[in-house]
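Here is the input, now give the coordinates:
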Amino acid sequence: QVQLVESGGGQVQTGGSLRLSCAVSGRTLSSRVMGWFRQAPGKEREFVAAITWSGATTSYGGSVKGRFTASIDNDKNTVYLQMNGLQPEDTAVYYCAASAGYITLLRSVNSYAYWGQGTTVTASS
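Predicted coordinates for the structure are as follows:
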């Protein structure tokens, strides 16, 4: 079993920055992929970013590429999402997710077996 706890959400002005953290506890797997998703009110859950447990591979959604950066600290079992240049359309609940093992469809919600409780990010002018 894997437990995920997100933190770092909040309210910022347009153009501001936030860093989300996701603490991972439980069984560790070198093949695991960590994902970040978000869900705005009335919308489907959307892929934001993914990173392999080694940190060697990352993937980003088109709307955040160049502004958001995923990273991982294996010593702390913590995954991060640095968000710069936040816009009102980035406002959502952000979720950390973990795969049960090796996956190929990094951007699919269905690829991830474990989910955190979510943290709210609000960007406004």
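
Around G8, how many other residues sit close by?
16 (other Cβ atoms under 10 Å). Heads up, the C-betas are built off the backbone N, CA and C, glycines and all.

Quick check: phi and psi on the residue positioned nearest the centre of the chain?
By Cα atoms, centre = their mean, the mean C-alpha position of the chain lies nearest to W36, the distance being 2.2 Å. The phi/psi pair for W36 (degrees, to the nearest 10) reads phi -120, psi 130.

S71 now?
Main-chain torsions, S71, degrees, to the nearest 10: phi -150, psi 170.

and it, how many neighbours?
Residues near S71, counting by other Cβ under 10 Å, number 14.

and the residue lying closest to it once chain neighbours are set aside, what is it in contact with?
Nearest residue to S71, sequence neighbours excluded (Cβ to Cβ, 6 or more residues apart in numbering): Y80, at 4.8 Å. Y80 is in contact with 19-22, 70-73, counting by Cβ atoms under 8 Å, 6 or more residues apart in numbering.

mind running it again at 7 Å?
19-21, 70-71 (Cβ atoms under 7 Å, 6 or more residues apart in numbering).

try V2
Neighbouring residues of V2 by Cβ under 7 Å, 6+ apart: 24, 26-27, 98, 114.

before we move on, the earlier item: show the pLDDT at the residue nearest to the centre of the chain.
W36 carries a pLDDT score of 98 in this model.

Over to V5?
On pLDDT, V5 comes in at 96.

tally of neighbours for the residue lying closest to it once chain neighbours are set aside?
Using Cβ to Cβ, 6+ apart and skipping residues adjacent in sequence, the residue nearest V5 is A23, 4.7 Å away. When neighbours are counted by other Cβ under 10 Å, A23 registers 15.

tell me the strands in this protein, going along the chain?
Assigned by DSSP state E, the strands in the chain fall at 2-7, 10-13, 18-26, 33-39, 46-52, 58-60, 68-73, 78-83, 92-98, 114-115, 119-124.
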